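Q: I would like to see how this sequence folds:
(2 chains)
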Amino acid sequence: MSNPELVNRTAVYESNCGQITVCGLCEPGFFRNLKLDDGLGHFSHYSSIIQKLDAFETIATQKGGRVTLAIVDNNVVAGYCVGAYPDKNDRWAALGELMYELAAIEVSRNYRGCRLGEKLLNMTMEDDFFEDKIAYMCGYSWHWDLEGKGLSAAQYRSMMKQLYSKFGFREVYTNEPNITLRAENIMMIRVGNRVSPDDQLKFRHLRFGMKPK
Amino acid sequence: MLKDYPKAIVTKDGDSVLLRPVTVEDEQALSKFFSEIPDQEQWFLREKLNDPNILHESLKKLNYKRTLPIVAVREKDGKIVANLRLHLSLAPSIGHVAHLRVMVHPDFRSLKIGSWMILDCVKTAMDMGLEKLFAEFVAGAEDSAIGAALKLDFRHEGSLKDYIKDKHGGYRDLVIMSRDLQSKWSDF
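A: Residues are numbered from 1 along each chain as shown, chains lettered A, B, ... in the order given. Next up is the predicted model:
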């Protein structure tokens, strides 16, 4: 459980994109009067993972669901980071609530280069909740806005690595088929300081398809 | 980029194997590894690291900017079960490419350790900003490594006919394979 004081916590930043408010652990109902920036959406070679505000509501309503938003001009969502326990059909669900997925992080095309990703992750991860978890992210190169960023998939991968490593994540290997489909794809984890060595070993085996006994 | 090491893999028999850069402390374990490679395969080694003196000199001159040697170490007993060397160049004309060589201990083949090492090398090379990776294999002697490379999106660039002479004086082709590392959005 997260500290209730963290719910709807905000931090205001001055950036080269203007004033940005980052709100963490947004609770259900928070999203009603917001709108998505037009740099989040559907483009010719890229589509945002979240294109409707309703998706935030759904995630925030789930047990353990987390939504962190970067808001500009009082009510415009310029970026988001969402997290949840793994879906019951995911391999990682075999370890129950030990596992926690940072399922998506995205910054509007209009607000890139303002270090919003870092602010979003910082707000999301600043919670003792994660010390009991193996937090993980799966980066699939087919979701990346390579055209918008003007990067190769390898460069985008390195950018993701740099971003997440600032928050204690490191790359790990797995034979999970979606991750192995392209070498650029990446799985990174952050092991909380209260996670036992036994659980870490179970997770290592699970990464290679061996279910915990 | 090396701070993510050691990287763990688990083989299908349940053993944990750690991939990590070679250090000078590995001399004894590496010497044992090379001594257990069959004679006919040792013959094809370019750097003759099976010679303890050459291995010793090589470890004394470890420079990860020139050659990044990675070993796969069985966690339970520290045994080196595979060795990969990524050869880099400081020359700007060929600084965008690198060459890899990989060798797996005969008792640990068919466990995909070589594949994981090549994949690890591909990812490391990407993170270094390299553009292309080359691998050279001896036809008829390293066919399983060729198969692993093909599965990891290496492609056949060509063969140098009769480039290699085996221990018995027979000729073998050198198979040259490459893998592009910097795919753009239009490649997807």
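Q: what's the helix ranked longest in chain A in contact with?
A: The longest helix of chain A (DSSP state H) is helix A:153-165. By C-beta atoms under 8 Å, 6 or more residues apart in numbering or on different chains, the residues outside helix A:153-165 that reach it are A:117-118, A:121, A:137, A:139, A:141, A:144, A:146, A:149, A:151, A:171, A:182, A:184-186, A:188, A:190, B:3, B:123, B:126-127, B:129, B:181-185, B:187-188. In this view, the C-beta of every residue, glycine as well, is placed from N, C-alpha and C.
Q: list only buried entries from those residues.
A: For the contacts of helix A:153-165, a burial check counting by 16 or more other C-beta atoms under 10 Å in any protein chain shown picks out A:117, A:121, A:137, A:139, A:141, A:144, A:146, A:149, A:151, A:171, A:182, A:184-186, A:188, A:190, B:123, B:126-127, B:181-183, B:185.
Q: got the residues of chain A near chain B?
A: Contact residues, chain A versus chain B (C-beta under 8 Å from any C-beta of the partner chain): A:45-46, A:141-142, A:146-147, A:152-155, A:157-158, A:161, A:165, A:170-173, A:183-184, A:186, A:204-205, A:207-208, A:210.
Q: tell me who's in contact with the closest residue to A:Gly83 other than its chain neighbours.
A: The shortest distance from A:Gly83 to any non-neighbouring residue, by C-beta to C-beta, 6 or more residues apart in numbering or on different chains, is to A:Arg66 (4.1 Å). For A:Arg66, the contact set (C-beta under 8 Å, 6+ apart) comprises A:Gly24, A:Leu25, A:Ile59, A:Ala60, A:Cys81, A:Val82, A:Gly83, A:Ala84, A:Thr124.
Q: and the second one, what does it touch?
A: Think A:Leu25. Here A:Leu25 is in contact with A:Ser2, A:Leu6, A:Val7, A:Asn8, A:Arg9, A:Arg66, A:Val67, A:Thr68, A:Asp127 (criterion: C-beta under 8 Å, 6+ apart).
Q: still on that earlier bit, can you list the contacts of A:Arg66 in a markdown table and add secondary structure and pLDDT?
A: Formatted as a markdown table, the contacts of A:Arg66 follow (DSSP: H, G, I helix; E, B strand; the rest coil; pLDDT from 0 to 100):
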| residue | secondary structure | pLDDT |
| --- | --- | --- |
| A:Gly24 | strand | 94 |
| A:Leu25 | coil | 93 |
| A:Ile59 | helix | 96 |
| A:Ala60 | helix | 96 |
| A:Cys81 | strand | 97 |
| A:Val82 | strand | 97 |
| A:Gly83 | strand | 97 |
| A:Ala84 | strand | 97 |
| A:Thr124 | helix | 97 |
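Q: quick one: is the lengthiest helix in chain B near chain A?
A: Ranked by number of residues, the top helix in chain B under DSSP H is helix B:113-127. Yes: Helix B:113-127 lies within reach of chain A by C-beta under 8 Å from any C-beta, at B:Trp116, B:Leu119, B:Asp120, B:Val122, B:Lys123, B:Met126, B:Asp127.
Q: now do that helix: which elements does it pack against?
A: Judged by 3 or more C-beta pairs under 8 Å, 6 or more residues apart in numbering or on different chains; DSSP states H and E, helix B:113-127 is in contact with helix A:153-165, strand B:7-10, strand B:16-21, strand B:67-74, strand B:80-87, strand B:97-104, strand B:132-138, helix B:143-151.
Q: low-confidence ranges in chain B?
A: Low-confidence segments of chain B, defined by pLDDT under 70: B:185-188.
Q: how about the residues of it by chain A?
A: B:3-4, B:7-12, B:14, B:16, B:116, B:119-120, B:122-123, B:126-127, B:129, B:152-153, B:181-185, B:187-188.
Q: the strands in chain A, which residues?
A: A:9-15, A:18-24, A:35-36, A:42-43, A:46-47, A:66-72, A:76-84, A:99-107, A:134-139, A:170-172, A:186-191 (DSSP state E).
Q: show me what counts as buried in the second one.
A: Buried residues in strand A:18-24, counted by 16+ other C-beta under 10 Å: A:Ile20, A:Thr21, A:Val22, A:Cys23, A:Gly24.
Q: rebuild those as JSON lines, extending it with distance to A:Leu95.
A: What follows is the buried residues of strand A:18-24, written out as JSON lines (distance: C-beta to C-beta, whole Å):
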{"residue": "A:Ile20", "distance to A:Leu95": "35"}
{"residue": "A:Thr21", "distance to A:Leu95": "35"}
{"residue": "A:Val22", "distance to A:Leu95": "30"}
{"residue": "A:Cys23", "distance to A:Leu95": "30"}
{"residue": "A:Gly24", "distance to A:Leu95": "25"}
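Q: so the longest helix of chain A versus strand A:99-107, what angle?
A: 120 degrees (axes from the mean of the first three to the mean of the last three C-alpha atoms, to 10 degrees).
Q: which element is B:Gly158 on?
A: strand B:155-165 (DSSP states H and E).
Q: typo on my end, B:Gln182
A: Following DSSP H and E, there is no helix or strand that holds B:Gln182.
Q: buried stuff in stretch A:5-17?
A: Quick answer for stretch A:5-17 (16+ other C-beta under 10 Å): A:Arg9, A:Cys17.
Q: pLDDT of that stretch, averaged?
A: Taken as a whole, stretch A:5-17 carries a mean pLDDT of 87.
Q: repeat for stretch A:137-155
A: On average, stretch A:137-155 scores 93.
Q: what about that stretch, distance to the chain center?
A: 15 Å (C-alpha atoms, centre = their mean, to the nearest Å).
Q: over to stretch A:200-212?
A: 22 Å.
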